[in-house]
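Asker: 3D, please:
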Amino acid sequence: MQYRLDKKSGNKLSVLGFGCMRLPHTAGRIDPQKSGRLIMEAISKGVNFFDTAYLYPGSEAALGSVLDKNNARDQVYISTKLPLFKCHKYEDFDRIFDEQLTRLKTNRIDYYFMHNISKFSDWERLRGLGIEKWIKEKKALGQIKQAGFSFHGARNDFMKLIDAYDWDFCMIQYNYININFQAGAPGLKYAHSKGLPVFIMEPLLGGRLAKDLPKEAVKLLARKNPEASPASWALRWVWDQPEVTMLLSGMNEAAQVSENIELAGQSQIGNMSEEELAVISQASEIFSAAYKIPCTACNYCLPCPKNINIPDSFAAYNASYSISRFTGIQQYATTTGGFSPSFSVSDCIKCGKCEERCPQNIAIIKRLSDVRKRMEPFWYRAAMAIARKVL
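Answerer: Now for the predicted structure:
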């Protein structure tokens, strides 16, 4: 395992962090046995950073139970996040934080995030509630070791945010598709220039750069290196950059843990050749042409009051361009329940709740209309109407 120094704290962090948002599920719930095996395998191979959040259903409790059961708490750094939209008064900070400590079975949080800041006014609102005083108190008590933020917004707001407070770290979405998206490469370099450790989320764009690359892009990468998986290209690209302290990967299978840990042991700064970087650039162009909606399947938009499965609808729509329209419609029908009484995108009531929560700032209402037009041709709508009468 490779480690990079967090210069703010002096901590040596594994270049691979374990993102616990997508832990394995069984019957709709986090599977404690499967999750435990993955987490402990990662620890045994040198991963020392585990990231969760208050809003990830069952994740904090699952991570806390595994670490407590295996007496592994002091072997790792835990990061979790304060949900901004649930904070309306000063007392909410303690209420949420205390619940997190209980879930995680710990007396401290090593890296505490202001979760999903999307505009500078989000931070100003927290300031008005007294967040700076609260963080100072928690640090004095040793309950918070490092305080930072995760960001999903415009680059100018990111730059302002970096300068607005004495942060200990930050986290941005970054991958070879998102070089100019949100904070992007300029934001990464600016935060690094200020001495901040920068953590990377979505290095595989919600798995899209691992399993949903267009066939042309897959063939392109394979021609250059037949032994390397698409995921390995994406992870190595992030690790290649000196401004990156660590990337988070949401691993939910043993094979993913093994591959990522092996890569983390090999990947170093400046290790990719000019030829490899050129291939990545070409793959990015192919992907961007086929990938119409930048959804990472974080599920923040859910639940929908009409039970529309928004992330899967978008995934099917993207597949209709990157693979084939027939494949996309087939995926739409089978994974979103297109024929059921309440799952069609046609049922959208345009309430806008999803758009308020989307960290990618996707115009979800408009894009659902695009999905309907492409994924529900006349013969599909006729079949849906018949099925609904029967159901």
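Asker: residue boundaries of the strands in the stretch 1-150 of the chain?
Answerer: Ranges of strands in the stretch 1-150 of the chain, per DSSP state E, counting those that start in this stretch, are 3-6, 11-14, 16-19, 25-26, 29-30, 49-51, 77-83, 109-117, 144-151.
Asker: any idea which helix or strand comes after the last one?
Answerer: When you say that, I think you mean strand 144-151. With elements assigned by DSSP states H and E, the helix or strand that comes after strand 144-151 is helix 155-164.
Asker: the residue lying closest to residue 113 once chain neighbours are set aside: what's it in contact with?
Answerer: In space, residue 113 comes closest to residue 81 once its chain neighbours are excluded; the distance is 4.0 Å by Cβ to Cβ, 6 or more residues apart in numbering. Just so you know, the C-beta spots here come from the backbone N, C-alpha and C atoms, and that holds for glycine as well. Taking Cβ atoms under 8 Å, 6 or more residues apart in numbering as the criterion, residue 81 is in contact with 52-55, 112-116, 150.
Asker: can you pull the phi and psi angles for residue 55?
Answerer: Per-residue torsions, residue 55: phi -90, psi 0 (degrees, to the nearest 10).
Asker: that one and residue 85 touch, don't they?
Answerer: No. Look at residue 55 against residue 85 with Cβ atoms under 8 Å: they stay out of range, at 9.2 Å.
Asker: when these two are compared, which one has more neighbours?
Answerer: Neighbour count, other Cβ atoms under 10 Å: between residue 55 and residue 85, residue 55 has more, with 20 against 11.
Asker: report pLDDT for that one.
Answerer: Per-residue pLDDT puts residue 55 at 90.
Asker: go ahead and confirm residue 60 touches residue 103.
Answerer: Yes. Judged on Cβ under 8 Å, residue 60 makes contact with residue 103 at a distance of 3.9 Å.
Asker: these two: who's more crowded?
Answerer: residue 60 (25 against 19).
Asker: tell me, how many residues neighbour residue 4?
Answerer: Number of residues near residue 4 (other Cβ under 10 Å) recorded here: 18.
Asker: likewise for residue 241?
Answerer: 17.
Asker: surely it forms part of a strand?
Answerer: No. Assigned with DSSP: H, G, I helix; E, B strand; the rest coil, residue 241 falls outside any strand and is coil.
Asker: that one and residue 184: what is the separation?
Answerer: Separation of residue 241 from residue 184 (Cβ to Cβ, to the nearest Å) stands at 12 Å.
Asker: now swap in residue 293 and tell me
Answerer: 19 Å.
Asker: the two - which one has more neighbours?
Answerer: residue 293 (20 against 16).
Asker: residue 236 is in contact with residue 265, isn't it?
Answerer: No. With contact defined as Cβ under 8 Å, residue 236 does not count as touching residue 265 (11.9 Å).
Asker: more neighbours, those two?
Answerer: Using other Cβ under 10 Å as the criterion, residue 236 and residue 265 rank with residue 236 on top: 20 against 15.
Asker: what mean pLDDT does the helix or strand hosting that one get?
Answerer: Counting by DSSP H and E, the element that carries residue 236 is helix 230-239. Average pLDDT, helix 230-239: 94.
Asker: again with stretch 17-26
Answerer: Mean predicted confidence for stretch 17-26 is 90.
Asker: and the contacts of that stretch?
Answerer: 30-31, 34-35, 38-39, 42, 47, 49-53, 56, 58-59, 62-63, 79, 199, 201, 246-253, 298.
Asker: now with 6 Å, please.
Answerer: With Cβ atoms under 6 Å, 6 or more residues apart in numbering as the test, stretch 17-26 has contacts from 30-31, 34-35, 42, 47, 49-52, 56, 59, 62-63, 246, 248-250, 252.
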